[in-house]
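Q: Let's see this in three dimensions:
(one chain, ligands or ions: 1)
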Amino acid sequence: MPHFESTELFARSIGASTDIVEKEMYTFADRDGKLLTLRPEGTAGVVRAYIEHNLSTSAVLQKYFYLGPMFRHERPQAGRLRQFHQFGVESFGSASPLADVEVVSLLWRFLTDLQLPGLTLEMNSLGDQADRTAYKAVLVDFLQHRKDRLCQNCQRRMETNPLRVLDCKNPECRTATEEAPRITDSLSTNSRAHFDQVQAGLNELLIPYVLNPRLVRGLDYYTLTTFEVTSQHLGAQNAVGAGGRYDGLVETLGGPKTPAIGFAVGLERVSLMLPDSVALPVPQLVAVAAFGPQGSSFGVRVLHELRSLGVPADTDSRATSLKTHLRQADRMGASYVVMIGDDEVVKGQALVRNMTTKEQEEVPLSTVARHLADRLR
Ligand code: HAM
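A: Below is the predicted model:
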């Protein structure tokens, strides 16, 4: 997906009255005066491409992933950047609760496989369009009676996007909305059944979760299931990954009616939770020590062959003597050094030194790369 798209795409999908569209997008006019925006998230672009390439005509379910930078003009703080990276998946074509279970379990497995600490999976259902219209009326009625206890922003949101009031971090707003009616109490029979089946599926897989009726999400395209994984180890910006169903979005953007669901993970937040150092196996490196007019040009060839065979190999092209090459090989932490001077070229034999045992052996120049590749396998 491109890193920027037309501004209208994001405004129409994420929603004109969301924080992202109201104040966080990097928007600029191109040379033709067309408004473009650095993508604040990936779902809108995937849906645009899905429609543009007519992928709904495929008989198999369309499942995608993406990885890349996203841009939001937020106040930077630990775990919140203006350019950050998301890994995301989007799955098109199935309205079955099993698709929800598949996607949520993928997110959970991805994060737990990394052994990230203190994870909680939160689940909610926002119902369908009709459920939400009905709920909004009930919620606004509740909020009207507490309007003077809400922050300025929430008072405004009451008019534009009342569900977002439930997501406000301001402690006074939270207290004022403690007793707010729950969206999960306003679900139609179908929406209720869908959510029950999603929960049953997660129970079946022994995936632990808590229900959070305040999980309204900051993007307007969601329907039915929404979810978020948070960590106690992340401070204020505690969401590691989040997503939900967006059954109406393909149609809103001009495509055929298509159910869909996905999630995105914030990779910087994942990295904040990883241990400071991880003991990874260090690959064994081969250093090429080639010197002299003929030796040097043979060295380039051997380096190329080693790398083509998948052997981690390096050289220092500034070194012109064996002594400097060996010093550099030592600094690189090389396990083997292939020594090729003019004499070796004449003999057709390279000298291979094991840097640990200091043993040396002669190997034909024509097969030295293969010889080392076999040895390091
Ligand atoms: P989102 O909740 O806006 O959802 O972002 C997903 C994740 O991206 C967050 O949980 C967080 O880890 C990370 N993230 C968001 N903003 C920042 C930031 N400023 N700095 C660092 N990390 C950040 C979406 O973007 C939806 N498109 C997810 C989705 C996919 N829903 C359906 N499909």
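
Q: gap between the residue in the stretch 151-300 of the chain that the ligand sits nearest to and F4?
A: Closest contact between the stretch 151-300 of the chain and the ligand, by Cβ to the nearest ligand atom, is at G266 (2.3 Å). Heads up, the C-betas are built off the backbone N, CA and C, glycines and all. Using Cβ to Cβ, to the nearest Å, G266 is found at 20 Å from F4.

Q: So which of those two has more stuff around it?
A: Counting neighbours by other Cβ atoms under 10 Å for G266 and for F4 shows that G266 has the greater number, 23 against 18.

Q: now stretch 102-122, how far from the centre of its chain.
A: Its chain's average C-alpha position is 13 Å from that of stretch 102-122, according to Cα atoms, centre = their mean, to the nearest Å.

Q: what about the closest residue to P213 other than its chain neighbours, neighbour count?
A: The shortest distance from P213 to any non-neighbouring residue, by Cβ to Cβ, 6 or more residues apart in numbering, is to R182 (4.1 Å). R182 sits with 16 neighbouring residues when counted by other Cβ under 10 Å.

Q: Also E361?
A: Tallying neighbours of E361 according to other Cβ under 10 Å, which is how burial is gauged here, yields 11.

Q: That one touches Q349, doesn't it?
A: No. Under the contact definition of Cβ atoms under 8 Å, E361 does not touch Q349, with a separation of 9.6 Å.

Q: which residue sits closest to V368, ignoring its sequence neighbours?
A: By the measure of Cβ to Cβ, 6+ apart, the closest residue to V368 outside its immediate chain neighbours is A350, 4.5 Å from it.

Q: Just want the phi and psi numbers for the one you found.
A: Backbone geometry at A350, expressed as degrees, to the nearest 10, gives phi -100, psi 160.

Q: before we move on, what about the one 3 residues further on?
A: Its backbone dihedrals place R353 at phi -110, psi 130, with angles given as degrees, to the nearest 10.

Q: Could you measure from the closest residue to L274 other than its chain neighbours over to L285?
A: For L274, ignoring the flanking residues on the chain, the nearest one in space by Cβ to Cβ, 6+ apart is L114 at 7.1 Å. When Cβ to Cβ is applied, the distance between L114 and L285 equals 27 Å.

Q: before we move on, what about M273?
A: Taking Cβ to Cβ as the measure, M273 and L285 are separated by 30 Å.

Q: For I207, which residues are in contact?
A: Applying Cβ atoms under 8 Å, 6 or more residues apart in numbering to I207 gives the contacts V104, S105, W108, L121.

Q: Doesn't it belong to a strand?
A: No. Assignment of I207 by DSSP: H, G, I helix; E, B strand; the rest coil gives coil, placing it outside any strand.

Q: just the helices in the protein please.
A: Under the criterion DSSP state H, the chain carries helices at the ranges 7-14, 19, 43-52, 97-113, 129-144, 152-160, 171-176, 189-204, 249-252, 267-273, 293-308, 322-332, 342-347, 368-376.

Q: okay, the ones you listed in CSV with mean pLDDT and mean neighbour count next?
A: As requested, those are arranged in CSV below (pLDDT from 0 to 100; neighbours: other Cβ atoms under 10 Å):
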stretch, mean pLDDT, mean neighbour count
helix 7-14, 97, 20
helix 19, 92, 19
helix 43-52, 98, 21
helix 97-113, 97, 19
helix 129-144, 94, 16
helix 152-160, 92, 15
helix 171-176, 94, 14
helix 189-204, 98, 16
helix 249-252, 98, 19
helix 267-273, 95, 17
helix 293-308, 97, 17
helix 322-332, 97, 17
helix 342-347, 97, 16
helix 368-376, 96, 18
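
Q: Point out the residues in the protein that sit beside the ligand.
A: Proximity of the chain to the ligand (Cβ under 6 Å from any ligand atom) is limited to residues 41-43, 72, 74, 79-81, 84, 86, 88, 90, 218-219, 239-244, 262-264, 266, 268-269.

Q: Mind checking which of those residues land in strands?
A: Secondary structure assignment by DSSP state E places 84, 86, 88, 90, 239-244, 262-264, 266 of the residues of the chain next to the ligand in strands.

Q: between these, which is nearest G127?
A: Ranking these by separation from G127, with Cβ to Cβ as the measure, puts G244 on top at 11.8 Å.

Q: wait, what's in contact with the closest residue in space to that closest one that isn't next to it in sequence?
A: Distances taken as Cβ to Cβ, 6+ apart place T226 nearest to G244, at 3.6 Å, with adjacent residues excluded. T226 makes contacts with M123, N124, S125, L126, L215, V216, R217, A242, G243, G244, R245, as judged by Cβ under 8 Å, 6+ apart.

Q: per-residue pLDDT, T226?
A: What the model reports for T226 is a pLDDT of 98.

Q: what do you get for G292?
A: In this prediction, G292 carries a pLDDT score of 96.

Q: which phi and psi does the residue nearest to S335 when sequence neighbours are not counted have?
A: Once its chain neighbours are removed from consideration, S335 has its nearest residue in Q284; the separation is 4.1 Å (Cβ to Cβ, 6+ apart). With angles defined as degrees, to the nearest 10, Q284 sits at phi -80, psi 130.
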